[in-house]
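J.: Kindly return the folded structure for what I paste below:
(chains A and B)
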Amino acid sequence: MAIDFALIAHQESWRAAADVLAVLRGPDRAPIPDDEIKDIFPWIPPRAVCHIDHRSVLGHSVHGVYIDSFIPPDRLGFEHRRDNIGRVRDAAACAIKAGARIVSLGGFSSILIEGDSDLLPEKGETVFTTGNTLTVAFIVQGVKKVCALKGRNLSDATLVIVGATGDVGSGCARCLGPLVNRVVLNARNIDRLRSLAEELSASGTAVDIATDLQQLSVQADIVICVASLESPSLLLGRLGPNAIVCDAGYPKNLSPDGVLEGCTVFFGGLGQSLGGMSFEPDVHRVLHRHPFPNVGQGCVMEGMVLALEGRFEPFSQGRGFITPERVQEIETIAARHGIHLAPLYNAQGPLEEVTCETEGLAHERQIAGAGRAV
Amino acid sequence: MEVSTSLNHSTPADAKDVSLTASVWQDVLAQAITGELIAASNYASLAEICVDEAEKEDALEHASGERGHAAAFAAEGRKLGVNVVDNVEAQYWKRLRDAFLRCIAEKDSIGCLIIQEVMLESFAVASYERIGQVAPGTIGKTFTAIAAEERDHIQHAMSILRADRARDVKRFDDKVHALHLDVMTTLAEMLAREDKNGHCQLCHGSCIKPSLPSVGLTTAVLRGVSLRQYLKVLDLLGLPGEMTLKWVTRLPV
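T.: Sure thing, here's the model as predicted:
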């Protein structure tokens, strides 16, 4: 069967890694003990784990593969960068060998074409997209939706973006900057922060920059967390009353120990396919660990969206090129095939109620004010 | 770009420490010598069923080479001043030899190559290379040099195996799977953290596995590098990676 798309990603926790191996091992064999998984997992070379069929609401479907780079979840730090780039490159070679027409790069994998596209192997007809534009689209939609649910006015809000100079962070800044009262850009690299601030200021956005999140001079009303962190370790600084916090990192950014009383936290950047997806072997619940069906990260869904549209092109490449116009373009294409913002949820569960009909079409019933404070 | 997994990567032991770890190297060398003698026997048996004279000569040449490797490892034992035993009847090695002999009985030369070149040599190349990185002095050099020669064996067999697969993909892949269930299960048990089948009948005292970290090795690393090499060789043969991944994840731990 022809491979329309490939998704390259990695697991964000040892629990998820164990679950992948358990599915592959089959129900007739005892699960591998947790301590042995850490012995085995790092040695597995990148390769396809499952096949995916993704259906459009227009009636047609596309076929693809999920390729795991098998980056150990505790080895996402800078000191492992060289090894990890090698793994993603090998995973890209698997996608090319499989004949995938378009490849989405999830999580750490996007580094392969965000910076130096020379890192890609010889790719023939295969094109690569980071998928970051659709991630930005779903983050922006999510922020707007929660604001609407909570009766918050975006134009009065101070927006803090953690990881602002990354591809997703800068895309969010360009999309939401013109809609809020003030944007505070947070990242480690001061030069990149200044450059992005200059760009946003030139278009009339009020901008501050901060390299230290604990030293913010203003209270944040809305926070978007999209930093590249090894693990959920982020502690937020000054938050306004009833602040809205979107954690769209992979791995998640927010520390489970962080106190966010009174805030509404949600996991952002996620889309849901109303046409549905099927997996062989069935690792759906393992790869997409969400409380709703057919939900996935925007970055991995972008390749499927483009395949459904028949647009086999590197839609998202490089860093810092995501504009409101490109975001609108990809969300329009996604919507045409029934891929929309996923129902909102956080670590405690759903923020809204969702019902599903047998044909896989999900109909959301938003409950204003139902978002549980964390 | 080759992934150079650095997990549990260890520094080479200092030569002056060799005497402290001699008993560990004694058992590591015992496994290596026995493995080489099994390989020599396998190639000699393969020669007996070869129809083509050139292939027969090749097999006999390989058998001779493997005996040379065994002798080189034995010499390293003598340099260490330890008595390195070999035992081709040791439980795991005997099971591996029996699997090979079943292919011989069926005059299945392709099955023989799959066992010896794909499975056993993957194990040998990867583990010897890793041992070569940590072993002191000439022991390390010997393991590294022999690993390079074993890698050449794999290359030699690949063209024959690829051609056979091209004739009938399903038959070939089914055969590899059947042999995998037999041979790789034995190797996985051999490299498991604990010997669930009792003493391996090669270690001169109790099981050597818990002592491997004292020389910069672990069973986890040896199993990991061996299975990774095996998966890569199967990739080179053209077997679907998602299928072979399932096979490997289902091996005993």
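
J.: and the gap between B:Thr249 and chain A?
T.: Counting by C-beta to the nearest C-beta, to the nearest Å, the separation of B:Thr249 from chain A is 4 Å. C-beta here means a position set from N, CA and C on the backbone, and glycine is covered the same way.

J.: same deal with B:Leu120?
T.: For B:Leu120 relative to chain A (C-beta to the nearest C-beta), the value is 18 Å.

J.: Now do the strands for the stretch 151-300 of chain A: every range, in order, please.
T.: Secondary structure of the stretch 151-300 of chain A (DSSP state E, counting those that start in this stretch): strands at A:158-162, A:182-186, A:207-210, A:220-225, A:239-247, A:264-267, A:270-273, A:277-280, A:295-297.

J.: Out of those, the one nearest B:Thr244 is which?
T.: Distances from B:Thr244 to each of the strands of the stretch 151-300 of chain A were compared by C-beta to C-beta, and the smallest falls on strand A:277-280, at 16.5 Å.

J.: quick one, what contacts residue 77?
T.: Picking chain A for this. Contact analysis of A:Gly77 by C-beta atoms under 8 Å, 6 or more residues apart in numbering or on different chains lists A:Glu230.

J.: ah, no, chain B please
T.: Going by C-beta under 8 Å, 6+ apart, B:Gly77 touches B:Trp25, B:Gln26, B:Leu29, B:Ile33, B:Asn83, B:Val84.

J.: so where do the helices sit in the chain?
T.: In the absence of a named chain, chain A is used. A:14-25, A:34-40, A:81-97, A:111-114, A:132-150, A:167-176, A:190-202, A:284-287, A:298-309, A:324-336 (DSSP state H).

J.: try chain B instead
T.: Under DSSP H, chain B gives helices at B:18-49, B:53-80, B:91-105, B:109-113, B:121-134, B:137-167, B:169-179, B:185-190, B:219-237, B:241-249.

J.: residues near A:Glu79, how many?
T.: A:Glu79 sits with 9 neighbouring residues when counted by other C-beta atoms under 10 Å in any protein chain shown.

J.: Quick check, central residue of chain A?
T.: Geometric centre of chain A, nearest residue: A:Gln297, 4.3 Å, by C-alpha atoms, centre = their mean.

J.: ok, it - contacts?
T.: Contacts were defined as C-beta under 8 Å, 6+ apart; by that measure A:Gln297 touches A:Ala9, A:Gly106, A:Gly107, A:Gly131, A:Thr135, A:Tyr250, A:Gly269, A:Leu270, A:Gly271.

J.: so of the helices of chain A, which one's packed in deepest?
T.: For these, ranked by mean neighbour count under the definition mean count of other C-beta atoms under 10 Å in any protein chain shown, the leader is helix A:298-309 at a mean of 29.

J.: circling back to that earlier point, I'd like the helices of chain B as JSON lines, with distance to A:Glu122 and mean pLDDT appended.
T.: What follows is the helices of chain B, written out as JSON lines (distance: least, C-beta to C-beta, whole Å; pLDDT from 0 to 100):
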{"stretch": "helix B:18-49", "distance to A:Glu122": "37", "mean pLDDT": "92"}
{"stretch": "helix B:53-80", "distance to A:Glu122": "34", "mean pLDDT": "95"}
{"stretch": "helix B:91-105", "distance to A:Glu122": "38", "mean pLDDT": "97"}
{"stretch": "helix B:109-113", "distance to A:Glu122": "30", "mean pLDDT": "96"}
{"stretch": "helix B:121-134", "distance to A:Glu122": "26", "mean pLDDT": "95"}
{"stretch": "helix B:137-167", "distance to A:Glu122": "21", "mean pLDDT": "92"}
{"stretch": "helix B:169-179", "distance to A:Glu122": "25", "mean pLDDT": "98"}
{"stretch": "helix B:185-190", "distance to A:Glu122": "34", "mean pLDDT": "94"}
{"stretch": "helix B:219-237", "distance to A:Glu122": "17", "mean pLDDT": "94"}
{"stretch": "helix B:241-249", "distance to A:Glu122": "18", "mean pLDDT": "94"}
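
J.: distance of A:Pro121 from chain B?
T.: Summarising the geometry, the distance separating A:Pro121 from chain B, computed by C-beta to the nearest C-beta, is 8 Å.

J.: coming back round to it: PyMOL command for the buried members of the contacts of B:Gly77?
T.: Restricted to buried positions by 16 or more other C-beta atoms under 10 Å in any protein chain shown, the PyMOL selection for the contacts of B:Gly77 reads:
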select buried, chain B and resi 25+26+29+33+84
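
J.: which one of the contacts of B:Gly77 sits closest to chain A?
T.: For the contacts of B:Gly77, the minimum distance to chain A (C-beta to the nearest C-beta) is 23.0 Å, reached by B:Trp25.

J.: Tell me who's in contact with the closest one.
T.: Residues counted as contacts of B:Trp25 (C-beta under 8 Å, 6+ apart) are B:Val18, B:Glu76, B:Gly77, B:Leu80, B:Val82, B:Ala135, B:Ile139, B:Val215.

J.: Widest-spaced pair of these?
T.: Maximum pairwise distance among those (C-beta to C-beta): 14.6 Å, between B:Gly77 and B:Val215.

J.: related to what we said a few turns ago, can you redo the strands of the stretch 151-300 of chain A as CSV with mean pLDDT?
T.: As requested, the strands of the stretch 151-300 of chain A are exported to CSV (pLDDT from 0 to 100):
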stretch, mean pLDDT
strand A:158-162, 95
strand A:182-186, 95
strand A:207-210, 94
strand A:220-225, 94
strand A:239-247, 89
strand A:264-267, 93
strand A:270-273, 96
strand A:277-280, 92
strand A:295-297, 92
